[in-house]
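K.L.:
Any chance you can model this:
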Amino acid sequence: MDWEHLFHTQNILDKHIAANHQLAPEQLMDKKILALLVEVGELANETRCFKFWSNKQQSEKSVILEEYVDGLHFILSIGLDRSFSYESGAVASSSDITEQFNRVFEQIIVLKRNPSKETYKELFDTYITLGYSLGFTEQDIMSSYDDKNKVNHQRQEQGY
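P.N.:
Below you'll find the model as predicted:
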């Protein structure tokens, strides 16, 4: 995956948002952590992987992928604020999606408590593993990220 492209693209969006809203990155870390938790929750909701009481099917793959890249936007943004980068580690898919979601939530809290390069990489690896477990390819993720990034820029221009 072209991480350099993703970080560069996210940096442009973050600067745009900061300029539009007169924000400094140091004001936003707790908000970004909470936003990431919410986005991961929205993603889990679309997969319905934990809804053992319901027979309703999960959302379409495109909806799930869009929710997934919403979370990726915040992970990239948090890394930029901390001057962290990412290089792919050992990631694979997992058959237990619910357990993988729980790992992501845990890693977000670990990062909040200990914002180190190591905990950031662990979170990123765990999130990428979740994406692969959901059936997404690197190309799916890159294309959807770029599409959503354009939407996010348009939203900023429209006073979102």
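K.L.:
Flag the shaky bits of this structure, pLDDT-wise.
P.N.:
Applying pLDDT under 70 to the chain flags the ranges 25, 89-91, 160.
K.L.:
what's the neighbour count on residue 110?
P.N.:
Counted by other Cβ atoms under 10 Å, the residues lying close to residue 110 total 17. The C-beta positions use only the backbone N, C-alpha and C, and glycine is treated the same way.
K.L.:
Identify the residue nearest it in space, chain neighbours excluded?
P.N.:
residue 119 (5.2 Å; Cβ to Cβ, 6 or more residues apart in numbering).
K.L.:
The one you found and residue 108 touch, don't they?
P.N.:
No - with contact defined as Cβ atoms under 8 Å, residue 119 does not count as touching residue 108 (9.7 Å).
K.L.:
residue ranges of the helices in the protein, please?
P.N.:
Assigned by DSSP state H, the chain shows helices spanning 3-21, 29-47, 61-81, 97-113, 117-133, 138-157.
K.L.:
report the angle between the axes of the fourth one and helix 117-133?
P.N.:
Right, helix 97-113. Calculated by axes from the mean of the first three to the mean of the last three Cα atoms, to 10 degrees, helix 97-113 forms an angle of 160 degrees with helix 117-133.
K.L.:
got a list of contacts for helix 97-113?
P.N.:
Residues from elsewhere that reach helix 97-113 (Cβ atoms under 8 Å, 6 or more residues apart in numbering): 30, 33, 36-37, 40, 43-44, 47, 49-50, 78, 94, 119-120, 122-123, 126-127, 129-130, 133-134.
K.L.:
Just the buried residues of the residues you listed.
P.N.:
Among the contacts of helix 97-113, those scoring as buried are 33, 36-37, 40, 43-44, 47, 49, 78, 94, 119-120, 122-123, 126-127, 129-130, 133-134 (criterion: 16 or more other Cβ atoms under 10 Å).
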